[in-house]
Structures are given as structure tokens and as C-alpha cells.
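Q: Turn this into a structure:
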Amino acid sequence: MSRRRILAAIGVAALIGAVTPAGAADPAAAPASHPDASPVRTPGTESGFALFQSHCTACHGNPAVERAPLPEALRTMPPERIYAALGAGGLMAAQGDTLTEPERRRIAEFMSGRPLGSATVGAASAMANQCTRNPTVQNPAGRPQWNGWSTDGSNRRFQPAAMARLAPRDVPQLKLKWAFGFPSGVSSNAEPTIVAGRLYVGSDNGYFYALDANTGCVYWSFETGSIIRGTSVVGPVSGHPTVRYAVYVGDGHANVYALDTQNGALLWKVHVDDHFVARITAGPRLYDGKLLVPVSSSEEFNAGTAVYPCCTSRGSVVALDANTGRQLWKAWVIPETPQPYLQQANGVWLYRPAGGGIWNTPTVDARRHAVYFGTGDATTAPSPPTTDAVMAVDLDTGKTLWPTRPPPTMCAWAAAPARTKARPARRTTAPTWTSATRPSSSICRMAGACSSPGRRPPTCSRSILTPAAH
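A: Residues are numbered from 1 along each chain as shown. Below you'll find the model as predicted:
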């Protein structure tokens, strides 16, 4: 165990999870009319879209069925309303009868973006472990922290020993200090951010929380109404009287929020992609007043089903003004807008090109004035050259500088700029890539960005790639 780990980064997996801690508000289940899921468990909240694609898209989203609400409309409804429609006596009871109770639940929870019953129990005001005081958030400079997915824009995830304050010999002595449960939460994917003694984290219950990193008491919560899968990032903000620092986070409906770190007040909210299953699954990168937001989608869960009009979503990175939320630029992985190219025998049209979701936090190369990110797989054929790749775009304009596909045994998850002595010229062609280690293939599959002719390789290179010396 190296000294580069920060204490909070190691302990947080043991400190935060889908548990019910003593002293926390009772994470009551959904109302009696919405029973708990049966013992036959299905995957987390997001698994419901595969069911929706195979059971619901023959009507919802089909122009020939005018009475069926569009998927976009369904995604604005609370899960209880969708669940009731699929249940006995509901408008969609006939369709619901073909589904198990857990399947009806998962469809309702995915389309709304949160678990049943979560809106009534997730607020900090309903919890017994509220902090008794809320001291002013201090300047985080020089204090132990883990801000965002990585400690700096290079995505190296390196923590100096002086900041970590944790030696290898200390690790075996670590013990659980406190735990915080997400009321009614089903899954928790977001890495916590720790800044100035506060811990910021969200889950799939539709709430984002600020906790005391020392005690686990909750300062405040903010209701996003949708799952939060990516980490948040904290930075200074201007243009908002009395507000010094903001915490930025994205959700499963492709919304980005800027919140006051002191009390959770909303400073701005921006919807960065109009596709009905566009989502933000990785944390944003904050650099020099710009918030760089990676956008992916849920479309490929079961896109191959015959009744689904595959595929129309495209990955992107969106640059926002961190003070106002104004969009500065948007860099599409696939520049072309998907167009219909084939009508199947059942009347459903197929579209292309599509895919290339971005599942990783962008890397900033300040010296080359570039932003790097890994791109996911294509959902249509032929595969565009910018999918399963590493891309570089201009930091100021979002203009593509280059894409490159690593060799088949490499995984394009997160790119990091090499350190060189001389200031390099801005590149307009791709570098060659090297890697030092090989993690398990499951890490690469999670990234959704392994390049392989026909199948995933058994192993992939480490997720942080560095360009070779030039």
C-alpha cells in the first residue's frame, strides 16, 4: 500500500454504503401499495431500461401509437405513478401482467431515475443524525482533501504523503468510525468528495448530501430527483453574493447542478443533453472556471431488441461556465446526427451512427491546452473511428485535435498527459500510447471502452494512459 492514498479515500468504502446506521432516519420502504421487491433480486435502479426497451418501446416512442406517452414524458414522472400504472387496476395492467413485480419496479425506477418511496424519506430534514451546527466552510487550500475523481487535472490519482497523512503501517489499524445509509437506496456508485472537512456524496435515491467527514452527521441534502453515479467536485464560484464555494454534480437525467457548499442552495442547473436516456456517469472536471462534463447514455442496455429503434444517442463532453452554467462548447464523439437507414419488417426504423458514451472524468493538459477522454463502444455499425478510442479536444473551443484507437489490448478509460521538461507545442495528431500495468479485464469492461476486433480482450492495460515521449 503506497502513501499516496488519502485516509478518506481508503476508508470511505467502509464508511458509506447501503446500510441503515444507528441514529439515522428510518429508510422506510415504499408505501404499502408498493411492496418491497421480492427475494428474487435484479440489478440496481438502472437495469430497468433493458426491460423498457424489450417490453415498452413497441408503443412508447412509436409514432403510430399516438396515445402512448413518449419516453421523454415518462422520465418526468415519479416512480410511484409508473408503478401504479403497471399494477392491478392500472392503465397498463395488461402489459404489467407479463412482468414480475421486481421487473415492474425496475421499469418504474429507471424511467423516473430513483427508487420507489425515496422522495419521502431521503431528505436530511427527516434524519436523526443532523449536525447541530453548520460552521462556515473554510478555504480548502493546504488541508487534507480528495476533490473530485482525482486530486488534480491530470487524473493520476496521486496523493502526496504530506496530504494523505497515512503511512502503510497505519492501514491494518483502520477501524470503522461511522456509517451513513442512503434511505431507500438500491445502489451506490459515486466516489465521495472530501473538501474542508466535509464529505459530498450521492446515490440512486435522488438526493445529494453534505456530511461532516469526522462524525458522519449530515449538514444538508439537495433533491436532484435522479440517480447520481459520478463523483462531485468543489471549487470557488463568483457572481453569487455571500457564496464562496460551489459543489458541482451531474445526475442520471443529464442535469448538472451547482450548489452552495454551505447550505446546498441551488446556484444553477443546466440540462446538457436532450436524448431521453442521456446521463452523466462520471464526475465533471473543474479547471480555470470551466466545468467539463462527460455525457453517456443507457441506450445499449438492450438496444438489440427488435422493437427498439436503435440507436440515436451520442457521447459528448460539454464545457460550462462554472459561475453561471452557460454552455461554452460541446464536443461530440460522433459529429454526425444519427439518421434512419433501415426499416425492419415490424416497421421499426434503425438509425446510425451512434454510441461513444463517455464514462470517465476528462483529463486537462494545461501545457498543450487540451482535454483528453476515453470514449465507449459504438452502438451501430460500422464503428466510427472516434469510438473505443482516446480523443483530444481544444480546451477553449472543443474542436477535435485528434482521436486514436489504442491497440486491441489497451483500454481507453482515462488519459493522462506525460510530464516533459520542455513546453510542448499543441498537437493536432495523436501520440503513441504506452502502459505500465494490466488490471483485471472487468475494469476495462466497466469503462465501456476496450478496443478489440470482435471481442473484448482477456486483459486490458491500466486505465490511466500516458503518451510516449516525442
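
Q: residues near Gln256, how many?
A: In this structure residue 256 is Val, not Gln. Look at Val256: counted by other C-beta atoms under 10 Å, it has 21 neighbours. Just so you know, the C-beta spots here come from the backbone N, C-alpha and C atoms, and that holds for glycine as well.

Q: which residues pair with it across the strands?
A: Bridge pairing for Val256 (DSSP bridges) gives the partners Gly250, Val270.

Q: how near is it to Ser154?
A: 23 Å (C-beta to C-beta, to the nearest Å).

Q: Pick out the residue nearest the middle of this protein.
A: In the chain, the residue lying closest to the centroid (C-alpha atoms, centre = their mean) is Thr281, at 1.7 Å.

Q: Can you tell me the SS state at that residue?
A: Assigned by DSSP: H, G, I helix; E, B strand; the rest coil, the conformation of Thr281 is coil.

Q: Quick check: it touching Gly315?
A: No: taking C-beta atoms under 8 Å as the definition, Thr281 is not a contact partner of Gly315, at 10.3 Å.

Q: between those two, what contacts are shared?
A: Common contacts of Thr281 and Gly315 (C-beta atoms under 8 Å, 6 or more residues apart in numbering): Pro294, Ser296, Gly357.

Q: Filter these down to the buried ones.
A: In the shared contacts of Thr281 and Gly315, burial by neighbour count holds for Pro294, Ser296, Gly357, counting by 16 or more other C-beta atoms under 10 Å.

Q: Turn these into JSON lines, columns for secondary structure, distance to Arg67 and pLDDT.
A: Conversion of those to JSON lines gives the following (DSSP: H, G, I helix; E, B strand; the rest coil; distance: C-beta to C-beta, whole Å; pLDDT from 0 to 100):
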{"residue": "Pro294", "secondary structure": "strand", "distance to Arg67": "37", "pLDDT": "98"}
{"residue": "Ser296", "secondary structure": "strand", "distance to Arg67": "31", "pLDDT": "97"}
{"residue": "Gly357", "secondary structure": "coil", "distance to Arg67": "32", "pLDDT": "97"}
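
Q: between those, which is closest to Arg198?
A: Nearest to Arg198 out of these is Pro294 (C-beta to C-beta; 24.2 Å).

Q: Can you give me the neighbour number for Phe222?
A: If you count neighbours by other C-beta under 10 Å, Phe222 ends up with 22.

Q: wait, it sits on Ala258?
A: No: using C-beta under 8 Å, Phe222 is not in contact with Ala258; the gap is 10.7 Å.

Q: Give me the common contacts of those two.
A: Leu266.

Q: what about stretch 295-305, how long is it end to end?
A: Across stretch 295-305, the terminal residues are separated by 24 Å (C-alpha to C-alpha, to the nearest Å).

Q: quick one, helices of the stretch 51-200 of the chain?
A: Applying DSSP state H, counting those that start in this stretch to the stretch 51-200 of the chain gives helices spanning 71-74, 79-86, 93-96, 101-112, 118-121, 161-164.

Q: looking at the ones you listed, which is buried most?
A: Mean neighbour count (mean count of other C-beta atoms under 10 Å) peaks for helix 101-112 among those, with a mean of 25.

Q: With just CA atoms, put that one into CSV.
A: Output of helix 101-112 as CSV, limited to C-alpha atoms (Å, rounded to 0.1, in the frame of the first residue of the first chain):
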residue,chain,number,x,y,z
GLU,A,101,-43.2,-7.5,-9.5
PRO,A,102,-39.4,-6.7,-9.4
GLU,A,103,-39.5,-6.1,-13.1
ARG,A,104,-42.4,-3.6,-12.8
ARG,A,105,-40.5,-1.9,-10.0
ARG,A,106,-37.3,-1.7,-12.0
ILE,A,107,-39.0,-0.1,-15.0
ALA,A,108,-40.7,2.5,-12.8
GLU,A,109,-37.4,3.2,-11.0
PHE,A,110,-35.3,3.6,-14.1
MET,A,111,-37.7,5.8,-16.1
SER,A,112,-38.1,8.1,-13.1
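
Q: Counting by contacts, list what that helix packs against.
A: With contacts defined as 3 or more C-beta pairs under 8 Å, 6 or more residues apart in numbering; DSSP states H and E, the packing partners of helix 101-112 are helix 48-55, helix 79-86.

Q: will you turn these into CSV that also has distance to His369 and mean pLDDT?
A: CSV is the format used below for these (distance: least, C-beta to C-beta, whole Å; pLDDT from 0 to 100):
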stretch, distance to His369, mean pLDDT
helix 48-55, 38, 86
helix 79-86, 44, 88
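
Q: would a markdown table of those helices with distance to Gly325 be doable?
A: Below are these laid out as a markdown table (distance: least, C-beta to C-beta, whole Å):
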| stretch | distance to Gly325 |
| --- | --- |
| helix 48-55 | 27 |
| helix 79-86 | 27 |
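
Q: Determine which of those approaches Asp396 most closely.
A: Comparison of the helices and strands packed on helix 101-112 against Asp396 by C-beta to C-beta identifies helix 48-55 as nearest, at 35.6 Å.

Q: Which residues are in contact with Thr57?
A: Pro71, Thr305, Val307, Tyr308, Pro309.

Q: The closest residue in space to Tyr351 that isn't next to it in sequence - how many residues pack around it?
A: Once flanking residues are discounted, Tyr351 sits nearest to Pro338: 4.2 Å by C-beta to C-beta, 6 or more residues apart in numbering. By other C-beta under 10 Å, the residues close to Pro338 number 21.

Q: Quick check, Gln159 in contact with Gln145.
A: No: using C-beta under 8 Å, Gln159 is not in contact with Gln145; the gap is 9.3 Å.
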